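>>> Need a 3D model of the following:
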Amino acid sequence: MPQAQVEIRDILAHLLSGRALEEQTAQQVFELILTGHVNDAQLGAMLGFIAARPGGPTVDEIVAGVRVMRRHVTPVPTAAAIHLARDRTGFEPVVIDTCGTGGAPKTFNVSTVAAIVAAAAGKGRVLVAKHGGRSRTGRGSAEVLEKLGVNVNAPPETQAVCLGEIGICFSFAQQHHPAMKHAAVARKSLGFPTLFNLIGPLSNPAGATRQLVGTYSVEAAEKLAAALARLGSIRAMIVTSRDGMDELTHTSPNDLFEVIGGAVRITTLDTRDMGMSKCELSALVVSTLDDAASIFMDVLNGRPGAARQIVELNAGAAIVVAGAADDLREGMRQARAAIDDGAAKRTFTRLIELTRH
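Coordinates of the predicted model:
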C-alpha cells in the first residue's frame, strides 16, 4: 500500500502538469484503481485533471482502461450461448453490443429498444449482448427494463440462455464489473462524465467483438474508433449526431466512424437523403421513468412516429455491424419487419420470462 501511495502521487503530479499517460503506465494506474489502492480524493483529482486537459482523455488512456476492465470483468459464458443459437437455427451467430457513453440530451432508451429489435430481426444470426447500467437521471436502461419486468440481476448463466434462445441478454454493468465499486464514490461526487464513461461501453462482459457505440461528440467518436481498432474489434460503428445525441438520429446530420479490420472509415449521414423527415429533438426527450417505459413499449407495439423511426435507424445500423445486412436501408427494412410482425415484442416478452425463471 505505501508503494501504491507513492506511485499515485507521482501520477497526480504528472496529470496536474497537463501531460497524458502512456498506455503501459495507464494500465498500472487502472490496476491500482480497480484493486482499491487509490482513495476517493486521489481518484477524483485524477479524473478531474484528465477531463480538464485540452483534448481530454487520450486513446492510450482509453485502451489501457478497457484492457484492465476486461481483465476484471465477471463474464457471460458466451460460448454456451453461441452453441445454443447454432443448434437452434443452424446459423453461425455473431455477438454484438449496442451501447452509449451518455453525456447527451436524455432521450428515451433508444439503444435498448434497438437492441431488442435487432435481435428479433437477426433470427438467431445476431446475438445482442446489451450492456448497460443505471443512470444518474434514474431513467437508464436498467431502470426502464426493471420497470417493465426484466430481472436485470439475472446471473451470467441465465444471460447466456437468453442470448442463445432469443438472441438478446441484458448484462447489468454493476453486476459484471464489481471492481468498479472502488471508483463509484469519486465518479458520483464529480457529477460530470469522466474517462470511465468512454471505457465502460467498450468493456462488454460477453466479449462482443462487434459494436454499435453512440457518443456525444465527434472528438469522442474519433478516439473510441481508434481505441476499438487497436483493441481488435472485428467491426464497429461509433456514431454521434451534430446536436449532441449519442445515437444515429433524424434530428440532425450524423458523423459515423466505422472500424473494419483495424482500419477506420469516416462518413456522414443525413437521414433526409434516405427520405426520412427531420425530427425535433424534443419529440424524443423524456423527463420521467414512466414516460421512458411508455415510449419503449409504444415502439415495440408498432406505434408509428419519431420514436419508432429512430429505433429502426439504430437497429438497422446494428444489423449492418453484425454483417446481417449489406447497407443501412436493408438493415432498417429488417428492423421494420421485426416490429411489424410482432417479433420484436415477442422477443421482449420472452426476455422478461427467461430472466425470471
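>>> List the buried residues in stretch 299-312.
V299, L300, A306, A307, R308, Q309, I310, V311, E312 (16 or more other Cβ atoms under 10 Å). Using the backbone N, CA and C atoms, a C-beta is placed for each residue, glycine as well.
>>> Can you name the helix or strand that the closest residue to G167 other than its chain neighbours falls in?
Of all residues beyond its chain neighbours, the one nearest G167 is A119 (3.7 Å), with distances taken as Cβ to Cβ, 6 or more residues apart in numbering. Counting by DSSP states H and E, the element that carries A119 is helix 110-122.
>>> What helices and strands are in contact with the helix or strand following that helix?
With elements assigned by DSSP H and E, the helix or strand that comes after helix 110-122 is strand 126-132. Strand 126-132 sits against helix 78-89, strand 94-100, helix 110-122, helix 141-147, helix 156-166, strand 168-172, helix 173-176, helix 306-321, with contacts defined as 3 or more Cβ pairs under 8 Å, 6 or more residues apart in numbering; DSSP states H and E.
>>> And the average pLDDT for the following helix or strand past the shortest one is what?
Beyond helix 173-176 in the direction of the C-terminus, DSSP H and E gives the next helix or strand as helix 181-190. Averaging the model's pLDDT scores along helix 181-190 yields 95.
>>> What is helix 181-190 packed up against?
By 3+ Cβ pairs under 8 Å, 6+ apart, helix 181-190 packs against helix 23-34, helix 40-52.
>>> could you check the angle helix 40-52 makes with the shortest one?
Taking axes from the mean of the first three to the mean of the last three Cα atoms, to 10 degrees, one finds helix 23-34 and helix 40-52 inclined to each other by 140 degrees.
>>> which residues sit against helix 23-34?
Here helix 23-34 makes contact (Cβ atoms under 8 Å, 6 or more residues apart in numbering) with 4, 7-8, 11, 21, 38, 43, 46, 60-61, 63-65, 67-69, 72, 179-180, 182-183.
>>> which residues does D10 contact?
The contact partners of D10, taken as Cβ under 8 Å, 6+ apart, number zero.
>>> Sticking with it, tell me its helix or strand.
Counting by DSSP H and E, D10 is found in helix 2-16.
>>> circling back to that earlier point, okay if I get the helices and strands packed on strand 126-132 as a markdown table plus mean pLDDT and distance to K345?
Below are those laid out as a markdown table (pLDDT from 0 to 100; distance: least, Cβ to Cβ, whole Å):
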| stretch | mean pLDDT | distance to K345 |
| --- | --- | --- |
| helix 78-89 | 96 | 20 |
| strand 94-100 | 95 | 18 |
| helix 110-122 | 98 | 8 |
| helix 141-147 | 96 | 14 |
| helix 156-166 | 98 | 12 |
| strand 168-172 | 98 | 13 |
| helix 173-176 | 96 | 26 |
| helix 306-321 | 98 | 12 |
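>>> ok, which stretches of the stretch 201-350 of the chain are helices?
All helices of the stretch 201-350 of the chain, identified by DSSP state H, counting those that start in this stretch, fall at 218-231, 289-300, 306-321, 328-340, 343-355.
>>> What count of nearby residues applies to K188?
Close neighbours of K188, defined as other Cβ atoms under 10 Å, add up to 11.
>>> actually A338, sorry about that
26.
>>> So L21 is in contact with V63, correct?
No: with contact defined as Cβ atoms under 8 Å, L21 does not reach V63; the gap is 10.9 Å.
>>> residues touching the nearest residue to K345 once chain neighbours are set aside, list them.
Nearest-residue entry for K345: L300, 4.3 Å, with adjacent residues in sequence omitted and distances by Cβ to Cβ, 6+ apart. By Cβ under 8 Å, 6+ apart, the residues touching L300 are V113, I116, V117, I339, A344, K345, F348.
>>> and if you look at A343?
A120, A121, A337 are the contacts of A343 under Cβ under 8 Å, 6+ apart.
>>> can you put those in a markdown table and add neighbour count?
Compiled in a markdown table, these are given as follows (neighbours: other Cβ atoms under 10 Å):
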| residue | neighbour count |
| --- | --- |
| A120 | 29 |
| A121 | 31 |
| A337 | 15 |
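>>> Tell me the spacing between M274 and R235.
Per Cβ to Cβ, to the nearest Å, M274 is found 21 Å from R235.
>>> the more surrounded of the two?
Remark: of M274 and R235, R235 carries more neighbours, 19 against 12, as counted by other Cβ under 10 Å.
>>> Now the more buried one. Nearest residue, chain neighbours left out?
R210 (4.9 Å).
>>> Ok, L12 next?
Leaving aside its chain neighbours, L12 sits nearest to A45 (5.8 Å; criterion: Cβ to Cβ, 6+ apart).
>>> Now do that neighbour against N39, distance only.
Distance of A45 to N39, given as Cβ to Cβ: 10 Å.
>>> Give me the more crowded residue out of those two.
Using other Cβ under 10 Å, the more surrounded residue of A45 and N39 is A45, with 18 against 15.
>>> Just the pLDDT at the more buried one, thanks.
For A45, the predicted pLDDT is 98.
>>> isn't it right up against H14?
No: here A45 does not reach H14: they are 11.8 Å apart, not a contact under Cβ under 8 Å.
>>> Make sure I295 is actually in contact with T288.
No: I295 lies out of contact with T288 (Cβ under 8 Å); the separation is 10.8 Å.
>>> Settle it for me: which of the two has more neighbours?
I295 (25 against 11).
>>> mind checking how far that one is from R336?
Relative to R336, and taking Cβ to Cβ, I295 is found at 17 Å.
>>> Likewise for G103?
Separation of G103 from R336 (Cβ to Cβ): 29 Å.
>>> same deal with V299?
For V299 relative to R336 (Cβ to Cβ), the value is 11 Å.
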